[in-house]
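Enquirer: Pasting a predicted model and its sequence here:
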Amino acid sequence: MGQRRLTITTLPGRLAVCGLDPGEQVPAWAASGSLVSVTRTAEELSVVCGEDVVPDGVKSEKGWRCLRIRGPLAFSETGVLSSLSAPLARAGISIFVVSTYDTDNILVKEELLGTAQAVLVSEGHTIE
């Protein structure tokens, strides 16, 4: 990928990452937010959605914000995530990544959003 500069949009709203039992149905409340992602494995049903819709008692980590790479990105492109995740890791910022057909979404905790944006801009990326 070389030194490709990416354009990143900060999505509105706070997100939650929820961990449910693998046999559960996808809950109706999960279909809300600036990003919704549902992933099922043999071990879990993982849901990313707007934090305000997650019922009390659901195992979740709230307070995430989403940085979306402007796509579409070709499947053949390499180094896209590492150009973002490596500088964030050096800055001590943990991320949660959700990839889609067209792009990647990097979630960071809200209290680190400004720092994450500044780190990415210092690497030559553009934040919208």
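Expert: Nice, I can see it. Numbering: from 1, shown residues only.
Enquirer: Might you report the residue contacts of residue 26?
Expert: 38, 45, 47 (CB atoms under 8 Å, 6 or more residues apart in numbering). From N, CA and C alone the C-beta is placed, and that goes for glycine too.
Enquirer: Need the three-state assignment for it.
Expert: Using DSSP: H, G, I helix; E, B strand; the rest coil, the structure places residue 26 in coil.
Enquirer: which of the contacts of residue 26 lies closest to residue 65?
Expert: Checking those against residue 65 with CB to CB, the nearest one is residue 47 at 17.0 Å.
Enquirer: can you confirm residue 111 is in a helix?
Expert: Yes: counting by three-state DSSP, residue 111 is found in a helix.
Enquirer: what's the helix or strand for the nearest residue to it once chain neighbours are set aside?
Expert: In this structure, residue 111 finds its nearest non-sequential neighbour in residue 63, 7.4 Å apart by CB to CB, 6 or more residues apart in numbering. In this assignment (DSSP states H and E), residue 63 forms part of strand 60-69.
Enquirer: Could you check that strand and say which residues are buried?
Expert: 60, 63-69 (16 or more other CB atoms under 10 Å).
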